[in-house]
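**Q** Build me a model from this:
(chains A and B)
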Amino acid sequence: MSKGTLFDKVWDVHTVGTLPSGQTQLFIGLHLIHEVTSPQAFAMLRERGLKVPYPDRTVATVDHIVPTENQARPFADTLAEQMLQALEQSCKDNDIRFNNVGSGKQGIVHVIAPEQGLTQPGMTIACGDSHTSTHGAFGAISFGIGTSQVRDVLASQTLALGKLKVRRVEVNGDLRPGVYPKDVILYIIRKLGVKGGVGFAYEFAGTTFEAMSMEGRMTACNMSIEGGARCGYVNPDKVTYDYLKGRESAPQDEAWDKAVAWWDSLRSDADAEYDDVVVFDAAEIAPTVTWGITPGQGIGVDETVPTPEKFEESDRPLAREAYNYMQLEPGKAIAGTKVDVCFIGSCTNGRLSDLREAAKFAQGRQVAAGVKAFVVPGSEAVKEQAEAEGLDKVFEAAGFEWRNAGCSMCLAMNPDKLVGDQISASSSNRNFKGRQGSSSGRTLLMSPAMVVAAAVNGAVTDVRELL
Amino acid sequence: MSQIHQIAGRGIPVKGNDIDTDRIIPARFLRCVTFDGLGEQAFADDRQQLGGAHPFDLEQYQGAQVLAVNANFGCGSSREHAPQAIARWGIEAIVGESFAEIFFGNCVAIGVPCVTASSKDVAKLQAAIEADPTATVSVDLDTLQATCGELTIAVTMPEGARQSFRDGLWDSCGQLVDRAESVKDTASALPYLSWA
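**A** Numbering: from 1, shown residues only, chains lettered A, B, ... in the order given. Here you go, the predicted model:
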């Protein structure tokens, strides 16, 4: 059992007590909600006559169903409009802060909470969304929950949970040119498997993570869940504090110094005990792209689609299902695979640094004929800042569409969807069957820079050729 | 809230590792404000692609109550719509090699026990159900066994969840709300609540 890790310390200070089942009642310091997984939770509260005792600990936004082109109300999609209205009403009835479209603060829930300084080290953070693991980048314990649990948090500000084990995932060394945090996490998932993290929190550590920006750490923590780990985190340090300082909801003045002292005390001890430790070498990581139907089915862009005998017997049926669904031949190079749609955005890679990096590669180049390419900023604030820097003009000149903020084609609950068996180069997080809105649509996951490389060549391309 | 000790009913196998919640309930069906009607949409795209050959469409499995699955079932999105769809189709318990964490927790919250068994035993159970879809499959949380006809396999479940079902406390909301005073004490000891 782990001891002296940040996970243990944060868990302990948030423990209310032990329930009759033996589970822990854990206090949730920040509860984030959006329109998809909360309406039923509010309905359950109403049915049971329960109130929200800590309304200031919940913050809402709308992201999944938001159209990224025409945002005039009412939305053209009446179901989407109905969901937004339900959330507006629930927030009003319960005194919950709501970052609505047009407020300047709307965006993907995992983008806006960090940028507003709501996400802080040492917190417990829950949201009805599996990518809540993102916030662990700040040294928070942060995880996705279902709708009944959203109800529990609204009604009690707590959850009934069993404690996770802690695995230290250490990566050391400099990332090679053209290699990004997205590649690091895709590599980790490839190595540890999509179920390798079940039952664990991942502590990301080592010199590679220490040197990584906050936004890079968010990208890595975001995809912990794709490796089966409900929560992933990085110990807070100067990088964290520099990012947070001065943000709207971050502690100010004297509170800031107290906060930093408390945050420092929560870092995993030098002699902390872990349930497991794995170590990787950053030099081994190449620009990575997925070829299959789980985020674990990834390879270096210079590799070939693995043949069945490369897999354990138990993984072969899934590999065969993937060749068939993706229409990719085992043994063939992944580079050169034609793409139809290129998507830059999502809670994984829709932040300002992602757009800046993508724009560097788009500058002076053109999207290939027949390819649809679009950029969806992660939040209204990201959009505003990107426009102030002229990134929108760079993308548009290169032939990318520039959209409004939202989850968009990561999961295609809005009008942005693949059609038929179109294949996308996507900076998002899931390549599941049907994920991007068409039941036969295909997804290749990669970094935003790699998406630009695919867009300009109309095919999967090693971004290092564009350096 | 009822105690759950044993579930018994006919079985249905859905084979394959890493079946994610997008496959269990595609995102377009999440455009709703209630869970009503989700049962009919369970595995919608997989069923459409198999043209009637998906177990959820096969005649012999209609009315089944115990689902037998393989490894990492329910991975991906946290959408409770996934277990809700399965439960509303009629499933009351799931036996699998392993479950994704959030999916498992969602199942506890809605009173659907998920138990795990070895890969070999799950394969035997799936084969037994296929051989005789009319056989009663039972999942017993007291003895930690699942049976199908002559077949008996050992199953496991994390103790906290198991206890919640056996004590009838799987819907944790009431217990959590009842401890409001202790919650207040914990909150008052957290430095950050007064910073914002």
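
**Q** Quick check: buried residues in the helix ranked longest in chain B?
**A** Secondary structure of chain B per DSSP state H: the longest helix is helix B:119-131. Within helix B:119-131, the residues that qualify as buried are B:121, B:122, B:123, B:124, B:125, B:126, B:128, B:129, B:130, counting by 16 or more other CB atoms under 10 Å in any protein chain shown. Glycine gets a C-beta too; all of them are placed from N, C-alpha and C.

**Q** following it, which helix or strand shows up next?
**A** strand B:136-140 (DSSP states H and E).

**Q** CA atoms only for the helix or strand encompassing residue A:320 - export them in PDB, please.
**A** Assigned by DSSP H and E, residue A:320 belongs to helix A:316-326. The C-alpha coordinates for helix A:316-326 follow below in PDB (Å, rounded to 0.1, in the frame of the first residue of the first chain):
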ATOM      1  CA  ARG A 316      -5.200 -10.800 -31.200                       C
ATOM      2  CA  PRO A 317      -9.000 -10.800 -31.600                       C
ATOM      3  CA  LEU A 318      -9.000  -7.100 -30.900                       C
ATOM      4  CA  ALA A 319      -6.100  -6.500 -33.300                       C
ATOM      5  CA  ARG A 320      -8.100  -8.400 -36.000                       C
ATOM      6  CA  GLU A 321     -11.200  -6.400 -35.300                       C
ATOM      7  CA  ALA A 322      -9.100  -3.200 -35.600                       C
ATOM      8  CA  TYR A 323      -7.500  -4.100 -39.000                       C
ATOM      9  CA  ASN A 324     -10.900  -4.800 -40.300                       C
ATOM     10  CA  TYR A 325     -12.600  -1.700 -38.900                       C
ATOM     11  CA  MET A 326      -9.700   0.600 -39.800                       C
END
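
**Q** Show me where the stretch 251-400 of chain A has its strands.
**A** Remark: strands assigned in the stretch 251-400 of chain A by DSSP state E, counting those that start in this stretch are A:276-281, A:288-290, A:298-300, A:341-344, A:372-375.

**Q** And for chain B?
**A** In chain B, the segments counted as strands under DSSP state E are B:6-13, B:66-68, B:93-96, B:114-116, B:136-140, B:145-148, B:151-154.

**Q** looking at the strands of the stretch 251-400 of chain A, which is buried most?
**A** Mean neighbours per residue, mean count of other CB atoms under 10 Å in any protein chain shown, is largest over the strands of the stretch 251-400 of chain A for strand A:341-344, with a mean of 29.

**Q** Does that one reach chain B?
**A** No. Using CB under 8 Å from any CB of the partner chain, strand A:341-344 stays clear of chain B, coming no nearer than 15.0 Å.

**Q** Now do that strand: distance to the chain's middle.
**A** Centre-to-centre, strand A:341-344 and its host chain are 17 Å apart (CA atoms, centre = their mean, to the nearest Å).

**Q** so what strands line up beside that strand?
**A** Strand A:341-344 sits in its sheet next to strand A:372-375 (parallel), strand A:423-426 (parallel), going by DSSP bridges.

**Q** Generate JSON lines for those, with mean pLDDT as supplementary columns.
**A** Listed next are the strands paired with strand A:341-344 as JSON lines, based on pLDDT from 0 to 100:
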{"stretch": "strand A:372-375", "mean pLDDT": "98"}
{"stretch": "strand A:423-426", "mean pLDDT": "98"}
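
**Q** got these as CSV, with distance to residue A:348 columns?
**A** Conversion of the strands paired with strand A:341-344 to CSV gives the following (distance: least, CB to CB, whole Å):
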stretch, distance to residue A:348
strand A:372-375, 14
strand A:423-426, 9
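
**Q** can you tell which of the ones you listed is closest to residue A:300?
**A** With CB to CB as the criterion, residue A:300 lies closest to strand A:423-426 of those, at 15.6 Å.

**Q** Residues touching that closest one, excluding its own?
**A** With contacts defined as CB atoms under 8 Å, 6 or more residues apart in numbering or on different chains, strand A:423-426 is touched by A:326, A:337-343, A:346, A:409-410, A:418, A:436, A:441-446, A:450-451, A:454-455, A:460.

**Q** again with stretch A:96-106
**A** Stretch A:96-106 has contacts (CB under 8 Å, 6+ apart) with A:33, A:52, A:55-56, A:58-63, A:66, A:71, A:73, A:84, A:87-88, A:90-92, A:107, A:112, A:116, A:379-381, A:384, A:405.

**Q** Just the buried ones from those?
**A** A:33, A:52, A:55, A:58-63, A:66, A:84, A:87, A:90-91, A:107, A:112, A:116, A:379-381, A:405.

**Q** right, and residue A:119 touches residue A:125 too?
**A** Yes. Between residue A:119 and residue A:125 there is a contact at 6.6 Å, judged by CB atoms under 8 Å.

**Q** ok so, going back, inside strands: which ones of the contacts of stretch A:96-106?
**A** Among the contacts of stretch A:96-106, the members falling in strands (DSSP E) are A:33, A:58, A:59, A:60, A:61.

**Q** For the closest residue in space to the first one that isn't next to it in sequence, list the residues it contacts.
**A** Yep, that's residue A:33 we're talking about. Using CB to CB, 6 or more residues apart in numbering or on different chains and skipping the chain neighbours, the partner closest in space to residue A:33 is residue A:60 (4.7 Å). Going by CB under 8 Å, 6+ apart, residue A:60 touches A:32, A:33, A:34, A:38, A:87, A:91, A:96, A:97, A:98, A:99.

**Q** Would you check how far apart the third one and chain B are?
**A** Pointing back at residue A:34 there. Using CB to the nearest CB, to the nearest Å, residue A:34 is found at 11 Å from chain B.

**Q** so what's that residue up against?
**A** Contact analysis of residue A:34 by CB under 8 Å, 6+ apart lists A:60, A:61, A:62, A:63, A:64, A:87, A:109, A:127, A:128, A:129.

**Q** again, only using 10 Å
**A** By CB atoms under 10 Å, 6 or more residues apart in numbering or on different chains, residue A:34 lies in contact with A:60-66, A:83, A:87, A:108-110, A:127-129, A:150, A:407.

**Q** so what pLDDT did residue A:46 get?
**A** As predicted, residue A:46 sits at a pLDDT of 96.

**Q** cool, and residue B:1?
**A** pLDDT for residue B:1: 69.

**Q** Same check on residue B:194?
**A** Looking at residue B:194, its pLDDT is 86.

**Q** With adjacent residues omitted, what lies nearest to it?
**A** Leaving out its chain neighbours, the residue that sits closest to residue B:194 by CB to CB, 6+ apart is residue A:255, at 8.0 Å.

**Q** Can you tell me which residue of the stretch 201-350 of chain A sits closest to chain B?
**A** The nearest approach of the stretch 201-350 of chain A to chain B comes at residue A:251, 4.0 Å away (CB to the nearest CB).

**Q** can you give me the helices for chain B?
**A** Counting by DSSP H, chain B has these helices, from start to end: B:21-24, B:44-49, B:81-89, B:101-109, B:119-131, B:159-167, B:173-178, B:180-188.

**Q** any residue of the shortest one up close to chain A?
**A** In other words, helix B:21-24. Yes. Using CB under 10 Å from any CB of the partner chain, helix B:21-24 reaches chain A at B:21, B:22, B:23.

**Q** got the contact list for the last one?
**A** Residues touching residue B:23, when contacts are defined by CB under 10 Å, 6+ apart, comprise A:293, A:432-435, A:439, B:14, B:16, B:42-46, B:74-76, B:82.

**Q** 7 Å instead, please
**A** Contact analysis of residue B:23 by CB atoms under 7 Å, 6 or more residues apart in numbering or on different chains lists A:432, A:433, A:434, B:43, B:45, B:46.

**Q** quick one on the thing from earlier: I'd like the strands of chain B laid out as CSV, including mean pLDDT and distance to chain A.
**A** Putting the strands of chain B into CSV (pLDDT from 0 to 100; distance: least, CB to the nearest CB, whole Å) gives the following:
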stretch, mean pLDDT, distance to chain A
strand B:6-13, 98, 14
strand B:66-68, 98, 16
strand B:93-96, 98, 12
strand B:114-116, 98, 11
strand B:136-140, 98, 18
strand B:145-148, 98, 21
strand B:151-154, 98, 18
